[in-house]
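Colleague: no sequence for this one, just the structure:
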């Protein structure tokens with residue numbers, strides 16, 4: 001059985017009178033893909049914000065790789081290997097695709113104030129290695145031909161792939177994908193599914209928020225359903241998706257629905 005890389009215990013987050021995340025608990029085993037679905041406003045993106053350190057929970061614990069990360073700033077959590085993408089891609093539009101990629105590499109020697117002067121040779125060698133790594137990842141995502149084009153010229157789907165590719169530059173152990181298929185055409189989505197499967201096969205652990213349920217079902221080893229900030233159902237994807245409570249949450253019907 002795979003070791004656990006992420007565990008969330010009783011996490012709560014409110015905004016005024018709204019309980020965005022309400023006593024949420026879940027776990028993510030290593031080398032798996034875990035899906036997180038739910039209707040609009042269920043608290044999915046808020047949960048990702050909590051996990052990645054962009055906001056702090058009101059209560060509960062978040063343990064990544066055996067360490068409590070609640071209270072740590074987002075950059076520290078990212079430095080531990082927990083990397084996320086966003087619903088709206090955050091590419092730097094006036095920089096080239098390759099430049100965007102190279103910015104994703106962490107702890108570069110050239111970022112030190114005097115290093116480019118006193119360690120010029122090492123800095124140049126590191127830059128060449130980072131560029132080679134960026135090109136390899138772009139090739140994996142079929143984006144290498146666009147390396148010298150401005151990111152702003154890319155389609156919405158290509159920007160999603162660039163954001164995922166840039167995240168890989170940080171050597172993640174756990175990658176949080178926030179709606180990677182939103183705005184992506186079906187043909188590109190099918191290619192993206194295969195890329196994500198290959199990443200999992202290489203040893204990367206992935207957690208996905210997605211509204212396109214067929215894509216989540218095609219990828220997930222385990223599925224969680226969030227509704228009104230709380231976990232409604234979890235388990236094997238085919239069993240979870242057939243749960244009547246999930247159907248009711250998505251369609252807004254229940255025992256008090258009109259015939």
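Modeller: Structure's in. What do you need? Model, not experiment: these values are computed from the prediction.
Colleague: Next, count neighbours for residue 186.
Modeller: 9 (other Cβ atoms under 10 Å). For every residue, glycine as well, the C-beta is placed using N, CA and C.
Colleague: same thing with residue 213?
Modeller: Other residues close to residue 213 by other Cβ under 10 Å number 15.
Colleague: residues contacting it?
Modeller: 37, 241 (Cβ atoms under 8 Å, 6 or more residues apart in numbering).
Colleague: So which residues of the stretch 101-250 of the chain form helices?
Modeller: Under the criterion DSSP state H, counting those that start in this stretch, the stretch 101-250 of the chain contains helices at 115-118, 120-140, 156-168, 186-201, 213-219, 237-241, 244-251.
Colleague: contacting residues around residue 26?
Modeller: If you count contacts by Cβ under 8 Å, 6+ apart, then residue 26 has 7, 8, 34, 224, 231, 234 around it.
Colleague: brain fart, residue 20
Modeller: If you count contacts by Cβ under 8 Å, 6+ apart, then residue 20 has 13, 14, 43, 46, 229 around it.
Colleague: how far away is it from residue 198?
Modeller: As judged by Cβ to Cβ, to the nearest Å, residue 20 and residue 198 stand 34 Å apart.
Colleague: What of residue 132?
Modeller: 20 Å.
Colleague: repeat for residue 187
Modeller: Counting by Cβ to Cβ, the gap from residue 187 to residue 198 is 18 Å.
Colleague: With residue 15 instead?
Modeller: Distance from residue 15 to residue 198, by Cβ to Cβ: 38 Å.
Colleague: related to what we said a few turns ago, only the buried subset of the contacts of residue 20, as a PyMOL command please.
Modeller: Buried members of the contacts of residue 20, defined by 16 or more other Cβ atoms under 10 Å, are picked up in PyMOL with:
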select buried, resi 13+43+46+229
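Colleague: Mind checking which of the contacts of residue 20 land in helices?
Modeller: residue 46 (DSSP state H).
Colleague: which among the contacts of residue 20 gets closest to residue 136?
Modeller: Closest to residue 136 out of the contacts of residue 20 is residue 46 (34.4 Å), distances taken as Cβ to Cβ.
Colleague: which SS class is the closest residue to the closest one other than its chain neighbours?
Modeller: Using Cβ to Cβ, 6 or more residues apart in numbering and skipping the chain neighbours, the partner closest in space to residue 46 is residue 20 (4.4 Å). Following DSSP: H, G, I helix; E, B strand; the rest coil, the label given to residue 20 is strand.
Colleague: With residue 250 as the reference, measure out to residue 20.
Modeller: Distance from residue 20 to residue 250, by Cβ to Cβ: 19 Å.
Colleague: Residue 217 now?
Modeller: 14 Å.
Colleague: ditto for residue 70
Modeller: 31 Å.
Colleague: residues in contact with residue 64?
Modeller: 5, 6, 51, 77, 80, 82, 174.
Colleague: neighbour-wise, which of those residues leads?
Modeller: Neighbour max across the contacts of residue 64 (other Cβ under 10 Å) = residue 82, 27 neighbours.
Colleague: Quick check: bridge partners of that residue?
Modeller: residue 174 (DSSP bridges).
Colleague: circling back: relative to residue 24, which of the helices of the stretch 101-250 of the chain is closest?
Modeller: Per Cβ to Cβ, nearest to residue 24 of the helices of the stretch 101-250 of the chain: helix 244-251, 14.9 Å.
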